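>>> pasting the sequence and the predicted coordinates here, then a few questions.
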Amino acid sequence: MSTDPATVGAGSAWPDGYDRVLLEETDSTMAEARRRAPDLAGPAWILARHQTAGHGRRGRAWQHPPGNFAATLVLPHAGDPAQAALRSFTTALALHDAFVARCGTRGQFALKWPNDVLLNGGKVAGILLESLPGGALSIGIGVNLSQAPTAELVEPGATPPVCLAQECDTLVPPQAFLGTLAPAFARWEDQFTTYGFGPIRTAWLQRAARMGETVTARLPNTELTGRFLGIDDAGHMILQTSAGPRDIAAADVFF
Ligand SMILES: O=C(O)CCCC[C@@H]1SC[C@@H]2NC(=O)N[C@@H]21
């Protein structure tokens, strides 16, 4: 396996206007973001080498074995809640760019609605959005760079986790990955603030997993199965069910 040293950056320079905090250990970078947000003048990345209480969507525990990537980007001015929610797509596109920059064609990456990145069909990264007081947004990103979580911690039927090291035969240190991800995010964020969601939606759809295929969306009180037709202008999933098309704002998706 090749090791990708922190000093070798795939991609561009650190983006102007973005701050960076590197922590040896914290409870969760999401909690760290909540504590620090009131003092931030501009966007800031918070990267932790260890998390003692990392969490994922719906309050699930998020394992953080050594060598994996755990970071939160705080955007102090993310717009209204609908605009803020669309950052899951800019973040997924940035992750896709960073993975391709680091792995080249050694892996097959795809974006799974709403918030995951897949590598060779397994989950390699998850995104968690949390809004903060005063219109700020925290974007939490967990990437299995060196290890995949143990299978028994994964919900039955969920996409199995994989790691970059095994699938791509490349060990990327977390700080080096941030050096690729941060400029990629800044580029997509510029696109979004300049041109709106249109080009983001198009780019996301070009990289989407299971387009046109049958998937199941698990909502709080029901499950819907249908053909995945894409996403609308609000980032909602469009599912062609036997009862007609459905627009789904939030769900867990199973293949
Ligand atoms: O797929 C998911 O459920 C989202 C996982 C998000 C995990 C990251 S790791 C960095 C940040 N800190 C946390 O406690 N969670 C997010």
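Noted; the coordinates are in hand. A quick note: this is a predicted structure, and the numbers were derived from the prediction, not measured. Numbering: from 1, shown residues only.

>>> go through stretch 165-175 and flag the buried ones.
165, 166, 167, 168, 170, 171, 172, 173, 174, 175 (16 or more other CB atoms under 10 Å). Any C-beta I mention is one placed from the backbone N, CA and C, and that applies to glycine too.

>>> same thing with stretch 215-234?
Buried residues in stretch 215-234, counted by 16+ other CB under 10 Å: 215, 217, 224, 226, 228, 231.

>>> taking the stretch 51-200 of the chain, what residue is nearest to the ligand?
residue 126 (2.1 Å; CB to the nearest ligand atom).

>>> which is the succeeding secondary structure element to the helix or strand containing that residue?
Assessed by DSSP states H and E, residue 126 sits inside strand 122-132. As assigned by DSSP H and E, the chain's next helix or strand after strand 122-132 is strand 136-143.

>>> report the angle between that following strand and strand 122-132.
160 degrees (axes from the mean of the first three to the mean of the last three CA atoms, to 10 degrees).

>>> report all helices and strands that the next helix or strand after strand 136-143 contacts.
Remark: after strand 136-143, the chain's next helix or strand is helix 164-168, criterion DSSP H and E. Counting contacts by 3 or more CB pairs under 8 Å, 6 or more residues apart in numbering; DSSP states H and E, helix 164-168 is packed against helix 87-103, strand 116-119, strand 122-132, strand 170-171.

>>> quick one, what contacts the residue nearest to residue 18 when sequence neighbours are not counted?
Using CB to CB, 6 or more residues apart in numbering and skipping residues adjacent in sequence, the residue nearest residue 18 is residue 43, 5.0 Å away. Residue 43 makes contacts with 17, 18, 19, 73, 74, 75, 76, as judged by CB atoms under 8 Å, 6 or more residues apart in numbering.

>>> now the residue lying closest to residue 144 once chain neighbours are set aside: phi and psi?
For residue 144, the nearest residue in space outside its immediate sequence neighbours is residue 163; the separation is 4.0 Å by CB to CB, 6+ apart. Backbone torsions of residue 163, given as degrees, to the nearest 10, read phi -130, psi 150.

>>> report the contact partners of residue 163.
Listed by CB under 8 Å, 6+ apart, the contact set of residue 163 reads 68, 124, 144, 145, 146, 147, 148.

>>> gap between the second one and residue 109?
Meaning residue 124. To residue 109, residue 124 is 8 Å away according to CB to CB, to the nearest Å.

>>> now for those two: what residues contact both?
Joint contacts of residue 124 and residue 109 (CB under 8 Å, 6+ apart) are 99, 117, 118.

>>> quick check: residues of the protein near the ligand?
28-30, 51, 54-57, 60, 62, 70-72, 116, 126-128, 140-142 (CB under 6 Å from any ligand atom).

>>> write the ChimeraX selection for whichever of those residues are buried.
Burial among the residues of the chain next to the ligand is assessed by 16+ other CB under 10 Å; the matching ChimeraX selection reads:
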select :28,29,30,51,54,55,57,62,70,71,72,116,126,127,128,140,141,142
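
>>> now stretch 13-22: mean pLDDT?
Mean per-residue pLDDT for stretch 13-22: 97.

>>> by mean pLDDT, which helix or strand of the chain comes out lowest?
The least trusted helix or strand in the chain, going by mean pLDDT, DSSP states H and E, turns out to be strand 2-3, with a mean of 56.

>>> please work out the angle formed by the directions of the helix or strand harbouring residue 202 and helix 87-103.
In the assignment (DSSP H and E), residue 202 maps to helix 197-206. For helix 197-206 against helix 87-103, the angle by the same axes, to 10 degrees is 50 degrees.
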